[in-house]
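Peer 1: sharing a model prediction with you, sequence too.
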Amino acid sequence: MRLVVAITGASGAIYGKCLLDVLHNKRVETHLVISKAAEKVIEHELETTKRSLEKLADHVYDVDDLTAPILSGSFKTDGMIIIPCSMKTVAGIAHGYSDNLILRAADVTLKEGRKLILVPRETPLNVIHLRNMLELAKQGVTIIPAMPAFYHKPKKIDSLVDYVVGKVLDCLGIEHKLFMRWMEAKS
Ligand SMILES: Cc1cc2nc3c(=O)[nH]c(=O)nc-3n(C[C@H](O)[C@H](O)[C@H](O)COP(=O)(O)O)c2cc1C
């Protein structure tokens with residue numbers, strides 16, 4: 001399996017790190033792009049550099065590299081995940097405004113009819129955010145808000161993160177044990 005993973009400047013860089021960790025352990029081929037804003041968020045929230053996340057990926061591209069393989073539909077992938085996804089990037093995809101590699105790769109994923117998964121994080125959401133996400137959902141994009149559940153009785157931040165990343169893996173058809181499913185949790 002070959003996936004494009006992008007990390008943008010919404011809060012929740014830890015979701016991106018967790019997904020990269022899991023995909024690395026499952027030997028999924030990953031092509032990673034980290035936005036400039038995400039670099040700042042990674043430093044602030046994870047107290048690490050983008051380099052430490054890039055080490056988990058097989059291929060890494062600069063967000064301004066508009067010659068990377070992932071900007072072309074001829075480069076086959078099994079889909080793309082943007083985790084976390086800022087409202088700016090949601091807007092760019094919804095309006096076909098592909099002025100960086102993340103936006104272009106998402107545009108390509110959509111035009112080629114491949115799986116595009118967004119993990120948006122913002123609160124509260126204004127009408128523009130909601131309208132952009134609705135438009136993308138209508139185009140077949142899977143929107144998995146960074147919105148953990150509590151029925152599995154999480155005790156640690158990691159369990160909340162694992163829940164959201166587990167939902168992404170479910171969508172990709174990748175087996176995992178990141179969270180307890182309802183039938184196990186209720187018994
Ligand atoms: C610490 C921090 C947290 C942020 N959190 C969010 C957020 O949760 N959601 C969001 O849409 N933007 C958030 N932003 C603003 C985005 O980083 C900003 O809109 C940026 O232009 C997004 O660009 P990108 O999509 O290319 O990464 C945050 C910025 C900072 C510095």
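Peer 2: All right, it came through fine. Residues are numbered from 1 along each chain as shown.
Peer 1: show the model's pLDDT score for residue 187.
Peer 2: Residue 187 carries a pLDDT value of 75.
Peer 1: ok, now how distant is it from the ligand?
Peer 2: For residue 187, the distance to the ligand equals 36 Å [Cβ to the nearest ligand atom, to the nearest Å]. Bear in mind the C-beta positions are built from the backbone N, C-alpha and C, glycine included.
Peer 1: next: residue 87.
Peer 2: Using Cβ to the nearest ligand atom, residue 87 is found at 4 Å from the ligand.
Peer 1: now residue 96
Peer 2: 15 Å.
Peer 1: mind listing what the nearest residue to that residue once chain neighbours are set aside touches?
Peer 2: Nearest non-adjacent residue to residue 96, counting by Cβ to Cβ, 6 or more residues apart in numbering: residue 107, 6.2 Å away. Going by Cβ atoms under 8 Å, 6 or more residues apart in numbering, residue 107 touches 93, 96, 98.
Peer 1: can you report how many residues neighbour the first one?
Peer 2: Neighbours of residue 93 under the rule other Cβ atoms under 10 Å: 28.
Peer 1: look up phi and psi at it.
Peer 2: Dihedral angles of residue 93 (phi, psi; degrees, to the nearest 10) stand at phi -70, psi -40.
Peer 1: quick one: buried residues of stretch 120-139?
Peer 2: Buried residues in stretch 120-139, counted by 16 or more other Cβ atoms under 10 Å: 120, 121, 122, 129, 132, 133, 136.
Peer 1: now residue 118: which helix or strand?
Peer 2: In the assignment (DSSP states H and E), residue 118 maps to strand 116-120.
Peer 1: the helices in this protein, which residues?
Peer 2: With helices called from DSSP state H, the chain shows them at 13-25, 36-41, 50-54, 87-94, 101-111, 127-138, 157-172, 182-186.
Peer 1: quick one: residues in contact with the last one.
Peer 2: If you take Cβ under 8 Å, 6+ apart as the criterion, helix 182-186 is touched by 151, 152, 153.
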